[in-house]
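Enquirer: All I have is the shape, not the residue letters:
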């Protein structure tokens, strides 16, 4: 079995103390593979990078959401107050309440929100869980379609069968495996190349289609797909027109309005390695926006100062756009 190359090095005080292997793929505007590192053709669980595709399926099945609430349905929010209020609004619109959610209880991902909840005597809750927007939208879709809500997470439920169909359609390949995501929803394995194809399909779809509605909502309201202090929001703010969604266990996927797209999978699941590789891949595809500079490296701290960085391994994308893999 081929071993993926080192994509990221963690340097401390001039010494490389850790390395992260993985795969990455970048598609040119015409959909051809322009950058390929490692084995992006091997199936992975995209984790929350599947959420935009899940949202497309929900719209096709009758979900009536747009703007920030649709972005929330397609996102992995930080559990900030406005995220909770949005999920509550989705539920209320379908005549449902927080008790109908089947995602697990969780603290907010956002540290400041977590501290605020603790100060107020609160604790983990389903509404603060990063997938509550998606789960609220799944329940609202079931109500709109006349499907049972109690079993909405079963792999054989009509909603989840529709989701699988959309994932396979947009990725251009059949699901290689079916699992259970951290939130309890069914999870479909496709390759990183398939994920990149799916994101490309979202941004190139005609205005008003479910695919384009999801892409436009996420790009217009990036704080609703992640949070006010998240790297995905910073990337979308830095490069107007860029769609980005992360997934647990070291997954990132993106697409630009002209059809350039990409996906990253870090083998050991290290989330700290995602963004430096994504920025390097964006640059390899021809993105030279100065706003990317601040996200190119993740600081490594020692004492009260910065003593190193988490950065792409030298030469990992040296081939550049259009070069052979």
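Expert: Sure thing, it's come through. As the structure is a computational prediction, the values presented were derived from the model and not from experiment.

Enquirer: so what's residue 153 up against?
Expert: 102, 138, 160, 184-186 (CB atoms under 8 Å, 6 or more residues apart in numbering). All C-beta atoms are positioned from the backbone trio N, CA, C, and that covers glycine.

Enquirer: element containing it?
Expert: Residue 153 belongs to no helix or strand when assigned by DSSP states H and E.

Enquirer: Format the contacts of residue 153 as TSV; extra columns: secondary structure, pLDDT and neighbour count.
Expert: Shown next, in TSV, are the contacts of residue 153 (DSSP: H, G, I helix; E, B strand; the rest coil; pLDDT from 0 to 100; neighbours: other CB atoms under 10 Å):
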residue	secondary structure	pLDDT	neighbour count
102	coil	97	17
138	helix	98	30
160	helix	98	21
184	coil	97	16
185	coil	98	24
186	strand	98	22
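
Enquirer: mean confidence for the longest strand anywhere in the chain?
Expert: Ordering each strand of the chain by length in residues (DSSP state E) puts strand 15-27 first. Here strand 15-27 scores 97 as its mean pLDDT.

Enquirer: For the very next helix or strand once past that strand, buried residues please.
Expert: Next helix or strand after strand 15-27 toward the C-terminus (DSSP H and E): strand 33-37. Using 16 or more other CB atoms under 10 Å as the test for burial, strand 33-37 gives 33-37.

Enquirer: Taking strand 15-27 as reference, get the angle to strand 33-37.
Expert: Using axes from the mean of the first three to the mean of the last three CA atoms, to 10 degrees, the direction of strand 33-37 lies 150 degrees away from that of strand 15-27.

Enquirer: Name the next helix or strand following strand 33-37 along the chain.
Expert: strand 43-44.

Enquirer: Now tell me what touches that next one from outside.
Expert: 176-177, 189-192, 195, 251, 265.

Enquirer: nearest to residue 291, of the residues you listed?
Expert: residue 251 (22.4 Å; CB to CB).

Enquirer: Surely the closest one touches residue 271?
Expert: No: look at residue 251 against residue 271 with CB atoms under 8 Å: they stay out of range, at 9.1 Å.

Enquirer: So if I had to pick from those two, which one is more boxed in?
Expert: Between residue 251 and residue 271, residue 251 has the larger neighbour count (other CB atoms under 10 Å), namely 25 against 16.

Enquirer: So which residues make contact with the helix or strand of the chain with the lowest mean pLDDT?
Expert: The weakest-scoring helix or strand in the chain, judged by mean pLDDT, DSSP states H and E, is helix 231-238 (a mean of 90). With CB under 8 Å, 6+ apart as the test, helix 231-238 has contacts from 218-219, 222-223, 225-227, 242-246, 254, 274-275, 278-279, 289, 291-292, 294-295.

Enquirer: Pull out the buried residues from these.
Expert: So, by 16+ other CB under 10 Å, the buried ones in these are 218-219, 222-223, 225-227, 242-246, 254, 274-275, 278-279, 292, 295.

Enquirer: So which of the residues you listed are in helices?
Expert: Applying DSSP state H to these, the entries found in helices are 218-219, 222-223, 225, 274-275, 278-279.

Enquirer: closest to residue 47 among those?
Expert: Of these, the one sitting nearest to residue 47 (CB to CB) turns out to be residue 274, at 11.3 Å.

Enquirer: Tell me which stretches of the chain form strands.
Expert: 6-12, 15-27, 33-37, 43-44, 178-180, 186-188, 190-191, 243-247, 251-255, 261-266, 298-302, 305-312.

Enquirer: Run me through the strand neighbours of the fourth one, direction for each.
Expert: Taking DSSP bridges as the criterion, strand 43-44 forms sheet pairs with strand 190-191 (antiparallel).
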